[in-house]
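Engineer: Below is the structure, and that's it, no one-letter string:
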């Protein structure tokens, strides 16, 4: 094999290696353009932001006065995440909802209970959607004296 052929003194093998490297770099760069950053569920907000629960006259188990919580799910750019599955679990609640196009869903928390002697509690919340990194959060229950 003639290893002395080439352009202006550059050996043929070095020229072939440079051509192969340039083609490979072009292929890799074209692939990298199709790779997007991972989608992330970044924010879960609640309305009301805290669930107030009230004990009965004997100060037993506290139950919520508000029974529906509006949940909003947003991605890392602040955009609503449609069709995310939102799950509430704990404190007597086991409910699931799916967000609409505005990233909102309503969860029924009427089964929430805060045991006697406890002032606060947490419901575990998870928002997930395929092709997104899921997000977990806690929704707070707070015992409040009911004023009349």
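Structural biologist: Received, thanks. None of the values given here were measured: they were computed from a predicted structure. Numbers count the residues shown, from 1 in each chain.
Engineer: where does the residue nearest to residue 108 when sequence neighbours are not counted land on pLDDT?
Structural biologist: With sequence-adjacent residues excluded and distances taken as Cβ to Cβ, 6 or more residues apart in numbering, residue 108 is closest to residue 95, at 5.5 Å. Where C-beta positions appear, they are placed from N, C-alpha and C, glycine not excepted. We have a pLDDT of 96 for residue 95.
Engineer: And for residue 147?
Structural biologist: pLDDT, residue 147: 56.
Engineer: could you pull out the strands for this structure?
Structural biologist: When secondary structure is read from DSSP state E, the chain shows strands at 39-47, 51-55, 62-64, 68-75, 85-90, 93-98, 104-108, 120-128, 132-133, 135-143.
Engineer: okay if I get the ones you listed as a markdown table plus distance to residue 12 and mean neighbour count?
Structural biologist: As requested, those are exported to a markdown table (distance: least, Cβ to Cβ, whole Å; neighbours: other Cβ atoms under 10 Å):
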| stretch | distance to residue 12 | mean neighbour count |
| --- | --- | --- |
| strand 39-47 | 48 | 17 |
| strand 51-55 | 76 | 19 |
| strand 62-64 | 80 | 21 |
| strand 68-75 | 53 | 20 |
| strand 85-90 | 60 | 18 |
| strand 93-98 | 63 | 16 |
| strand 104-108 | 66 | 17 |
| strand 120-128 | 56 | 18 |
| strand 132-133 | 50 | 16 |
| strand 135-143 | 57 | 18 |
